[in-house]
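Chemist: Need a 3D model of the sequence below.
(chains A, B, C and D)
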There are 2 protein chains.
Amino acid sequence: MRVLLVEDDTILGPAVRDQVRADGHSVDLVQRLDAAVDHVAVTAYDLILLDLMLPDGRGLIFLQNLRSKGAVTPVIILTAMDQISDRIEGLNAGADDYLVKPFDLSELSARLNAVARRYSGNPNPLIEIGDLTVDLATRNITKSGNRVTLTAREWVMFEAFAQNPGQLFSKTQLEDRLYSFDAEVESNTIEVHISRLRKKLGRDAIETERGMGYRLGPG
Amino acid sequence: MRVLLVEDDTILGPAVRDQVRADGHSVDLVQRLDAAVDHVAVTAYDLILLDLMLPDGRGLIFLQNLRSKGAVTPVIILTAMDQISDRIEGLNAGADDYLVKPFDLSELSARLNAVARRYSGNPNPLIEIGDLTVDLATRNITKSGNRVTLTAREWVMFEAFAQNPGQLFSKTQLEDRLYSFDAEVESNTIEVHISRLRKKLGRDAIETERGMGYRLGPG
DNA sequence: ACATCGTGTTCAGGTTGCTGTAAGGTATAT
DNA sequence: ATATACCTTACAGCAACCTGAACACGATGT
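Modeler: Purely as a prediction, here's the structure:
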């Protein structure tokens, strides 16, 4: 697995790098965000370890840019104990996990291997639900062979369903995915989006559980 | 996700509980620390929301005991604005996050989902009771292989039973789960819901203990 | 600067089906 | 035998939900 480690601490950086190497992965260690940007432009990493407290800018912005470009590379955030708001924002910005400093190196290994397992066996895992085929990495959806294109918000919602087939999602859960938590939405936006998803994916693709939420596919 | 909420405020407690439920998690609300101790001894929670200002002792001690026993359950502390020292101590004692009262319920959602996302990779534990199989995370129930769908109220009741197989629940306990405290129910609503559950789950799935209450599975 | 297009949100009217209530029947304890 | 607790069915009201269409708003092109 190819890992990019973004960490400016001269003690912690090499220590983490060595640990990850010991786990059998190849690591590139950079100390600044602009270097990180250069690296991700050139190399297709399987995982990014990102320190949020960097000298030359906010790591969050880097992460957001990455995600806005459609990158699905897993990102694990390294953060100090008192930067709690950063952690929250980080997860909302699209991080997959976080580690609180000081962290155990064995814990790092565990999370790393979890990610590796998730992404190793099948380079492009295809999810099949009914007549739908979903490629989460490339964001391609086909309905019985025909390509289906979703808008941004539609995808965010659909992704939740596709990643967890058969799981029930309440409206609040979906809202939390669509909007950062400061936004209050007092309307039926979710319903409308569901309606449009159904129009594209098939009338009975998503089922309603009245009073509880929605789910994709059978349990 | 199973959440234990330790909060003695009779307004805030149910409000938080309802919000967390709306996010698709199952919540047990207790008002005292000794009750909290009992609950964690019995149930494996995925998250604990802990008010530090409780009548019968310091929440911090509870947290420290929990950690000294090796529990890694994430704990989010609910604390008043001026209890800054508590916050620091709380984090030192092993809390994962904190929320300052008064907090926005949507902010609570965000943090909750952050924790939930961390744990979403884990396989869902399946509960088996007789010919029933229950997945609390996805809200799926099957009766000897066939899918069973419950309504909102039915689910809230059934969840209580499924989480604590063999435990007796009085009608008042069930009412408290169904209705936000104040609501007066002057009829046989619980009996009707039990009847509907039995129709879906099997005539003898839930047994009656006359004058006492109901239970699911062997006593 | 203006028009256009794509996308997201709000509104309104119609539909669905959950849920509390009541009423009548059944089981169980004393 | 009587009282009490519980079961089941039916039904009406209303909240939850669906959806077409209008509106808002930024991005993009001319």
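Chemist: and for stretch A:138-157, what are the contacting residues?
Modeler: By CB atoms under 8 Å, 6 or more residues apart in numbering or on different chains, the list of residues contacting stretch A:138-157 from outside reads A:70, A:124, A:131-135, A:158, A:174, A:177-178, A:190, A:193-194, A:196-197, A:200-202. For every residue, glycine as well, the C-beta is placed using N, CA and C.
Chemist: Do a quick rundown of the strands in chain A.
Modeler: For chain A, applying DSSP state E gives strands covering A:2-6, A:26-30, A:47-51, A:53-54, A:57-58, A:75-80, A:97-101, A:126-129, A:132-135, A:140-143, A:146-148, A:168-169, A:206-209, A:213-216.
Chemist: Packing partners of the second one?
Modeler: So that's strand A:26-30. strand A:2-6, helix A:12-22, helix A:33-42 (3 or more CB pairs under 8 Å, 6 or more residues apart in numbering or on different chains; DSSP states H and E).
Chemist: Can you get me the start-to-end distance on stretch A:200-208?
Modeler: 16 Å (CA to CA, to the nearest Å).
Chemist: re the thing from before, any of the contacts of stretch A:138-157 buried? List them.
Modeler: Taking 16 or more other CB atoms under 10 Å in any protein chain shown as the criterion, what is buried in these is A:132, A:133, A:134, A:158, A:174, A:178, A:190, A:193, A:194, A:197, A:201.
Chemist: Need those residues in CSV (columns: pLDDT).
Modeler: Formatted as CSV, the buried ones among the contacts of stretch A:138-157 follow (pLDDT from 0 to 100):
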residue, pLDDT
A:132, 93
A:133, 93
A:134, 90
A:158, 92
A:174, 88
A:178, 78
A:190, 94
A:193, 95
A:194, 97
A:197, 96
A:201, 94
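Chemist: now, which of these sits nearest chain B?
Modeler: Nearest to chain B out of the buried ones among the contacts of stretch A:138-157 is residue A:174 (CB to the nearest CB; 9.8 Å).
Chemist: What's the separation between the closest residue to the closest one other than its chain neighbours and DNA strand C?
Modeler: Nearest residue to residue A:174, sequence neighbours excluded (CB to CB, 6 or more residues apart in numbering or on different chains): residue A:190, at 5.3 Å. Residue A:190 sits at a distance of 8 Å from DNA strand C (criterion: CB to the nearest atom of the strand, to the nearest Å).
Chemist: Let me see the contact set for residue A:190.
Modeler: If you count contacts by CB under 8 Å, 6+ apart, then residue A:190 has A:157, A:171, A:174, A:175, A:178 around it.
Chemist: isn't residue A:8 right up against residue A:51?
Modeler: Yes: assessed by CB atoms under 8 Å, residue A:8 is found in contact with residue A:51 at 6.6 Å.
Chemist: Of the two, give the one with the bigger neighbour count.
Modeler: residue A:51 (23 against 15; other CB atoms under 10 Å in any protein chain shown).
Chemist: How much space separates that one from residue A:3?
Modeler: Distance check for residue A:51 against residue A:3: by CB to CB, to the nearest Å, it reads 14 Å.
Chemist: Tell me who's in contact with residue A:105.
Modeler: Residue A:105 touches A:15, A:16, A:19, counting by CB under 8 Å, 6+ apart.
Chemist: And for the first one, nearest residue in space, chain neighbours not counted?
Modeler: Going back to what we said before, that points to residue A:15. Once flanking residues are discounted, residue A:15 sits nearest to residue A:105: 7.3 Å by CB to CB, 6+ apart.
Chemist: on that earlier part again, nearest approach to DNA strand D belongs to which of the strands of chain A?
Modeler: Each of these has some distance to DNA strand D by CB to the nearest atom of the strand; the shortest is strand A:206-209, at 3.5 Å.
Chemist: What pairs with that closest one, parallel or antiparallel?
Modeler: Strand pairing for strand A:206-209, determined by DSSP bridges: strand A:213-216 (antiparallel).
Chemist: pLDDT of the partner strand, averaged?
Modeler: Regarding strand A:213-216, the rounded mean pLDDT is 96.
Chemist: now swap in stretch A:42-58 and tell me
Modeler: So the average pLDDT for stretch A:42-58 ends up being 76.
Chemist: Report the buried residues of it.
Modeler: Buried, per 16+ other CB under 10 Å, within stretch A:42-58: A:45, A:46, A:47, A:48, A:49, A:50, A:51, A:52, A:54.
Chemist: Any chance of TSV for these, columns distance to DNA strand C?
Modeler: Output for the buried residues of stretch A:42-58, formatted as TSV (distance: CB to the nearest atom of the strand, whole Å):
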residue	distance to DNA strand C
A:45	27
A:46	28
A:47	28
A:48	26
A:49	30
A:50	26
A:51	31
A:52	27
A:54	31
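Chemist: Can you tell me how far residue A:177 is from DNA strand C?
Modeler: Applying CB to the nearest atom of the strand to residue A:177 and DNA strand C gives a distance of 12 Å.
Chemist: Name all residues that make contact with that residue.
Modeler: With contact taken as CB under 8 Å, 6+ apart, residue A:177 is in contact with A:156, A:157, A:160, B:113.
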